[in-house]
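Participant: after the sequence you'll find the predicted model.
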Amino acid sequence: MWFNLLLLVLLTIKLYKTQELQPNRHKIRNNNEKVELNMVDKYITHITVTGTIIIWLLSYFAVARERAAVLKQSTNNEQIEARPAGLCVRAAAKLIDYLVLNVAALSGIIILALLEAVGAASFADWWLIALIIPVLVLIAYFTIFTAVSGQTWGKKLAGVVVERSSGGRLGWGRSFVRANIDVIFVGLYQLVIGLIDPLLLAVTRRKRSLHDLLVGSSVVRTKRTPSPFLPWMAALGWVIPIVLMFSVIKPMVIQTAIAPSESMEPTLTKGDRILVNRLAYRVGKPKRGDVVVISASSKTIPGFDYPDKPVPLVKRLIALPGDKIRIEAETGVFINGKLLDEPYVKDLPNYDYPEVRIPEGKCFVLGDNRRSSMDSRYWAAIPLSAIQGKVSSRFQVDSSGLPDELIQVR
């Protein structure tokens, strides 16, 4: 008992260090990443650690109770009854099983980001498929394991099995329906009906959840006692997806942001949600015409009149190292003596900018709204290291809080 609690304390300390110090370690490499560590990240850190402690404790005492009950019946030479599995044990098993969905979903995001980075695909075209495939994987996982043995990996560790209410295997048809209800209905609408399952488990005689009632199934304990590793596996089922999302996916692969101003109109309007591909310039090189997110501060951009705290801005990459650039009022931008074709601009510039050569390691960025944008015409060329990633797509959020169609940013 005390050894397990000591391990839990060490895990908690490790989680805080992982969540809070990871951006600072990345900052050493890119000098502008501290913008990633905001109040949302700190809030997620507290939720992660608190949830881990609660899940571990509930799972630990649930396992201890189940093992004590089995031990008592074995000592008294009583037949171990197939009584219904409790809420805590089932929740622990579900967290372990949902690792399949989370790992598949995060893997899909990484693969799609890589494909987009090399120009083989785009989030705007494939995001729906990237979301559907992990759901199908989880439905297949639940269906196959429930139909064949009545036990998924999580339920096996928990020492419980799914069977018909009248006894016996559930069968392929019922297993498939049960998996669909569990994953699509309960999983996707957890915020709406998240309290229904615990309530049903508390009031129904055989502790049956929503999908159990609809397909006529029950989850009962087996003669095998729950694994002593169940609390740790349940805690990992909660922690791993959160840590991967906020320590790997967000700072290194893909993140969402909001267009902060009108400077990129008509390509982006103020308040547009955008997807930023952080892998684009890890596996490829910046290209003229890319819409990028830069981390701007007085430290990273000389002449940037803001405090030291980085400010994320969205601009278009116009000139690369070695290019000669000049701007003529009411005419446009000239790169190496040739007028740049820019169908994306809102209006032609109403100012002149003398010809300059872009130094090595720097670039020149402008807003598409040329007459109303703070950009390189004020700061001159900026370091390439200030670029955080390439803007992949834009979208709006509907009244239900869900994103509508993704539109590729060009």
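Facilitator: Perfect, I can see it now. What you see is a predicted model, and the numbers here were worked out from it, not measured in a lab.
Participant: tell me the mean pLDDT for the helix or strand where I109 lies?
Facilitator: If you go by DSSP states H and E, I109 is part of helix 87-117. When pLDDT is averaged over helix 87-117, the result is 81.
Participant: give me the low-pLDDT residue ranges for the chain?
Facilitator: 1-82, 185-198, 202, 223-224, 302-308, 397-405 (pLDDT under 70).
Participant: what domains does the record give for it?
Facilitator: 2-17+26-253, 259-408 (automatic domain parsing).
Participant: quick one on the thing from earlier: return the set of buried residues in the helix or strand that the helix holding I109 is followed by.
Facilitator: Where DSSP H and E defines the elements, the next helix or strand beyond helix 87-117 is helix 123-148. Using 16 or more other CB atoms under 10 Å as the test for burial, helix 123-148 gives 123-124, 126-127, 130, 134-135, 137-139, 141-143, 145-147. Yep, even glycine has a C-beta here, placed from its N, CA and C like the rest.
Participant: now for the helix holding I109, which elements pack on it?
Facilitator: helix 39-75, helix 123-148, helix 153-158, strand 160-164, helix 196-203, helix 230-244, strand 273-277, helix 280-283 (3 or more CB pairs under 8 Å, 6 or more residues apart in numbering; DSSP states H and E).
Participant: swap the cut-off to 7 Å and go again
Facilitator: Here helix 87-117 touches helix 39-75, helix 123-148, helix 153-158, strand 160-164, helix 230-244, strand 273-277, helix 280-283, going by 3 or more CB pairs under 7 Å, 6 or more residues apart in numbering; DSSP states H and E.
Participant: which parts of the next helix or strand after the fifth one are buried?
Facilitator: Secondary structure here is assigned by DSSP H and E; on that basis, the next helix or strand after helix 230-244 toward the C-terminus is strand 254-258. Buried residues in strand 254-258, counted by 16+ other CB under 10 Å: I254, Q255, A257.
Participant: take those residues and write them to TSV, including distance to A235.
Facilitator: Below are these laid out as TSV (distance: CB to CB, whole Å):
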residue	distance to A235
I254	26
Q255	26
A257	31
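Participant: and the residues you listed, which is closest to L317?
Facilitator: A257 (16.7 Å; CB to CB).
Participant: what residues are up against the closest one?
Facilitator: I274, V276, V293, P312 (CB atoms under 7 Å, 6 or more residues apart in numbering).
Participant: for E328, name its beta-bridge partners.
Facilitator: G332 (DSSP bridges).
Participant: so it sits against D352, correct?
Facilitator: Yes: here E328 reaches D352: they are 6.0 Å apart, a contact under CB atoms under 7 Å.
Participant: sorry, back to before: output the contacts of A257 as CSV; include the columns neighbour count and distance to S107.
Facilitator: Below are the contacts of A257 laid out as CSV (neighbours: other CB atoms under 10 Å; distance: CB to CB, whole Å):
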residue, neighbour count, distance to S107
I274, 21, 23
V276, 22, 19
V293, 23, 24
P312, 17, 27
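Participant: which of those residues lies closest to K156?
Facilitator: For these, the minimum distance to K156 (CB to CB) is 40.4 Å, reached by V276.
Participant: that closest one pairs with what?
Facilitator: Q255, V391.
Participant: surely it and R394 touch.
Facilitator: No: look at V276 against R394 with CB under 7 Å: they stay out of range, at 10.7 Å.
Participant: hang on, the earlier thing: farthest-apart pair in the buried residues of helix 123-148, please.
Facilitator: A124 and A147 (37.4 Å).
Participant: for K324, grab the count of nearby residues.
Facilitator: For K324, the neighbour count with other CB atoms under 10 Å is 13.
Participant: contact partners for I240?
Facilitator: Each residue near I240 by CB under 7 Å, 6+ apart is listed here: L99.
Participant: where's it relative to I111, distance?
Facilitator: Distance of I240 to I111, computed by CB to CB, to the nearest Å: 18 Å.
Participant: reformat the contacts of A257 as a markdown table; add distance to E262.
Facilitator: What follows is the contacts of A257, written out as a markdown table (distance: CB to CB, whole Å):
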| residue | distance to E262 |
| --- | --- |
| I274 | 14 |
| V276 | 19 |
| V293 | 16 |
| P312 | 16 |
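Participant: nearest to R169 among the residues you listed?
Facilitator: The closest of the contacts of A257 to R169 turns out to be V276 (CB to CB; 48.2 Å).
Participant: ok, that closest one - contacts?
Facilitator: I254, Q255, A257, V293, Q388, G389, V391, S392.
Participant: gap between the second one and Q388?
Facilitator: Taken as CB to CB, the spacing of Q255 relative to Q388 amounts to 9 Å.
Participant: overlap in contacts of the two?
Facilitator: Common neighbours of Q255 and Q388, counting by CB under 7 Å, 6+ apart, are V276, R278.
Participant: which element is I294 on?
Facilitator: strand 291-296.
Participant: just the buried positions in that strand, please.
Facilitator: So for strand 291-296, counting by 16+ other CB under 10 Å, buried means V291, V292, V293, I294, S295, A296.
Participant: can you check stretch 157-175 too?
Facilitator: Quick answer for stretch 157-175 (16+ other CB under 10 Å): L157, A158, G159, V160, V161, V162, E163, R169, L170, R174, S175.
Participant: settle this for me: the fifth one is touching T152, isn't it.
Facilitator: No: at 9.9 Å, V161 does not count as touching T152 under the criterion of CB under 7 Å.
Participant: the residue lying closest to D97 once chain neighbours are set aside and G237, how far apart?
Facilitator: Closest residue in space to D97, ignoring its immediate chain neighbours: G154 at 4.0 Å, by CB to CB, 6 or more residues apart in numbering. The gap separating G154 from G237 is 8 Å, by CB to CB.
Participant: give me the common contacts of these two.
Facilitator: Contacts common to G154 and G237, judged by CB under 7 Å, 6+ apart, are I96.
Participant: any idea how far the spatially most central residue of the chain lies from L313?
Facilitator: Residue closest to the average C-alpha location in the chain (CA atoms, centre = their mean): M245, at 4.2 Å. For M245, the distance to L313 (CB to CB) stands at 24 Å.
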